[in-house]
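S.K.: predicted model and sequence follow; I will ask about them next.
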Amino acid sequence: MRPSFFGNKVVVATFVMAVFGWGIGFYGPPIFMYAVMQSTGWSLAMCSAAVTVHFLSGTLVVVNLPGFYRHAGVPLVTLAGVIILSIGVYGWSIATQPYQLFIAATLSGFGWVTMGAAAVNAVISPWFVKRRPDALAKAYNGASLGGVIFSSAWVYLISTFGFTNAAIGTGILSVAVMAGLSFMVFNIRPEQLGQYPDGASHELCELQQSSSPSAIMLRVNRQFLTLAAAMSLGLFAQIGLVSQLFLMLTNHVAAQTAGLAIGVATTSAIAGRYLATWLMGRNINRRTVACINYGCQLAGCVSLIGLSAFPALLWVGMILFGIGIGNATSLPPLIAQAEFPRYQVHRVVTLIVAIAQGCYAFAPVVFGGVKSLMGGAYGELSLLVVAGCIQGLALVALLLGRKTDRC
């Protein structure tokens, strides 16, 4: 009897990894920032800078992640990452001096990217080629669910048990779960089980690999440059707004409602990801799908501008903005798969993720600075206008590099 395709279990495990990775490392810092400001009285600008350090330090790990995988393997890298992330979050909770906060932010940044976009793609890629869009969509839904769960959970846990106890409890749980997945799932590769990507036969796998185009010079390649620019701009706008969103919403609604609103946005990301997968399944150009994604986020920013006058626009804006949250991370690797030779895709994805993270790492401090400089309602309006304009630039970058998909 032929054994079941193990790649399906890898997708489930990667889904769980993304829940913890994004729930703690992506959606957590804006709430950590709020908690630190409440407990210490430190300025928005300084705490926003800590969020920037969190994302910027992760860039150093992302760019070296393939090398870490080669030397230590996915299981050890992932386990080390979640331990470092947990220590970093605990550091956020006990910081009494600014330098302690920045050390903690550096550690949390180092750790979370081992469960981020590049890690998800690296874990899924050996198991899926033709079915990769569907597999990545399912795995990345863990990121959205992580936002749904943790956006509200962090607020509840911190207010009920205190930041330090919440950090310790979450850290213990995440390390235990990721240790199990690392050594039961992530250390297994297709060849160890005599299996091939997508569960294909040996003959089909050989046929798929038989026609590999020559390598492409990335530094002068229009598709690579525009894809990196679009991902960087889109995530800069997204991370910048998300980093201030919880604090901004608490000026209009209660903290629990603000956490719920962010949860609604991340729930919408699941629907947005399935919509993107459906559109790609109908052979719509993947860059066009990404343009639709950025268009939805731009519309969401426009809707939130009217929040003060029309409170119901909170939910409209969060749904529209949320539709694009997950796709901003998951679509660029799928565009790369369509536009570059198979053996070059992993390098392209690693580079665009590293470039994007190095860019969007500065978004929290830039957006925090804009809000502090403008102040009050004008500060909130400025954040939304800036985010919308940058999303528009990301859309333009995608169009400039558009060509017909090869697959």
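M.R.: Arrived safely.

S.K.: pLDDT score assigned to W92?
M.R.: With respect to pLDDT, W92 has a value of 96.

S.K.: which SSE is immediately downstream of the lowest-mean-pLDDT helix or strand in the chain?
M.R.: Ranked by mean pLDDT, DSSP states H and E, the weakest helix or strand in the chain is helix 202-209, scoring a mean of 48. Where DSSP states H and E defines the elements, the next helix or strand beyond helix 202-209 is helix 222-249.

S.K.: phi first, then psi, for A271.
M.R.: Dihedral pair for A271: phi -60, psi -40, per degrees, to the nearest 10.

S.K.: give me the distance between the nearest residue to it once chain neighbours are set aside and C47.
M.R.: Excluding the flanking residues, the one nearest A271 by C-beta to C-beta, 6 or more residues apart in numbering is I323, at 6.6 Å. To be clear about C-beta, it is placed using only N, CA and C from the backbone, and glycine gets the same treatment. Computed with C-beta to C-beta, to the nearest Å, the distance linking I323 and C47 is 29 Å.

S.K.: compare those two and say which is more crowded by neighbours.
M.R.: Using other C-beta atoms under 10 Å, the more surrounded residue of I323 and C47 is C47, with 28 against 25.

S.K.: I figured the more buried one was touching Q38, is that so?
M.R.: No. Using C-beta atoms under 8 Å, C47 makes no contact with Q38, being 10.2 Å away.

S.K.: other SSEs contacting the strand or helix carrying T164?
M.R.: According to DSSP H and E, T164 maps onto helix 163-181. In terms of contacts (3 or more C-beta pairs under 8 Å, 6 or more residues apart in numbering; DSSP states H and E), helix 163-181 is packed against helix 7-25, helix 28-40, helix 74-94, helix 132-161.

S.K.: so which bits of the third one are buried?
M.R.: Put plainly, it is helix 74-94. 74-93 (16 or more other C-beta atoms under 10 Å).

S.K.: next: the longest one.
M.R.: Across helix 132-161, burial judged by 16+ other C-beta under 10 Å covers 132-133, 135-155, 157-158.

S.K.: kindly report the same for the shortest one.
M.R.: Neighbour counts over helix 28-40 (16+ other C-beta under 10 Å) mark 28-37 as buried.

S.K.: a markdown table for those residues, including pLDDT?
M.R.: Listed next are those as a markdown table, based on pLDDT from 0 to 100:
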| residue | pLDDT |
| --- | --- |
| G28 | 90 |
| P29 | 90 |
| P30 | 84 |
| I31 | 88 |
| F32 | 92 |
| M33 | 89 |
| Y34 | 86 |
| A35 | 91 |
| V36 | 92 |
| M37 | 91 |
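
S.K.: now distance to C296 too, for those, in TSV please.
M.R.: Shown next, in TSV, are the buried residues of helix 28-40 (distance: C-beta to C-beta, whole Å):
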residue	distance to C296
G28	24
P29	24
P30	21
I31	24
F32	28
M33	26
Y34	26
A35	30
V36	32
M37	31
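
S.K.: tell me the one of those nearest G109?
M.R.: Lowest distance from G109 to the buried residues of helix 28-40 (C-beta to C-beta) belongs to P29, with 8.9 Å.

S.K.: for A18, what are its contacts?
M.R.: 115, 120, 139-143, 145-146 (C-beta atoms under 8 Å, 6 or more residues apart in numbering).

S.K.: now it: how far from Q97?
M.R.: Separation of A18 from Q97 (C-beta to C-beta): 33 Å.

S.K.: again with P333
M.R.: 39 Å.

S.K.: tell me which of the two has more neighbours.
M.R.: Looking at P333 and Q97 with other C-beta under 10 Å, you find the greater number of neighbours at P333, namely 27 against 9.

S.K.: tell me which two in the buried residues of helix 28-40 are the farthest apart.
M.R.: G28 and M37 (14.7 Å).

S.K.: quick check: K9 touching L193?
M.R.: No. K9 is beyond contact range of L193, at 10.8 Å (criterion: C-beta under 8 Å).

S.K.: who has more neighbours out of those two?
M.R.: K9 (15 against 12).

S.K.: show me what the helix or strand hosting V120 is packed up against.
M.R.: Here V120 sits within helix 117-124, counting by DSSP H and E. Helix 117-124 is packed against helix 7-25, helix 65-72, helix 74-94, helix 132-161, helix 327-339, helix 342-360, with contacts defined by 3+ C-beta pairs under 8 Å, 6+ apart.

S.K.: if you set the cut-off to 7 Å instead, what comes out?
M.R.: helix 7-25, helix 65-72, helix 132-161, helix 342-360 (3 or more C-beta pairs under 7 Å, 6 or more residues apart in numbering; DSSP states H and E).

S.K.: state the mean pLDDT of the first one.
M.R.: If you average the pLDDT over helix 7-25, you get 93.

S.K.: distance from that helix to the middle of the chain?
M.R.: 12 Å (C-alpha atoms, centre = their mean, to the nearest Å).

S.K.: show me what counts as buried in that helix.
M.R.: In helix 7-25, counting by 16+ other C-beta under 10 Å, buried: 7, 10-11, 13-25.

S.K.: quick one: that helix to helix 117-124, angle?
M.R.: Taking axes from the mean of the first three to the mean of the last three C-alpha atoms, to 10 degrees, helix 7-25 and helix 117-124 form an angle of 170 degrees between their directions.
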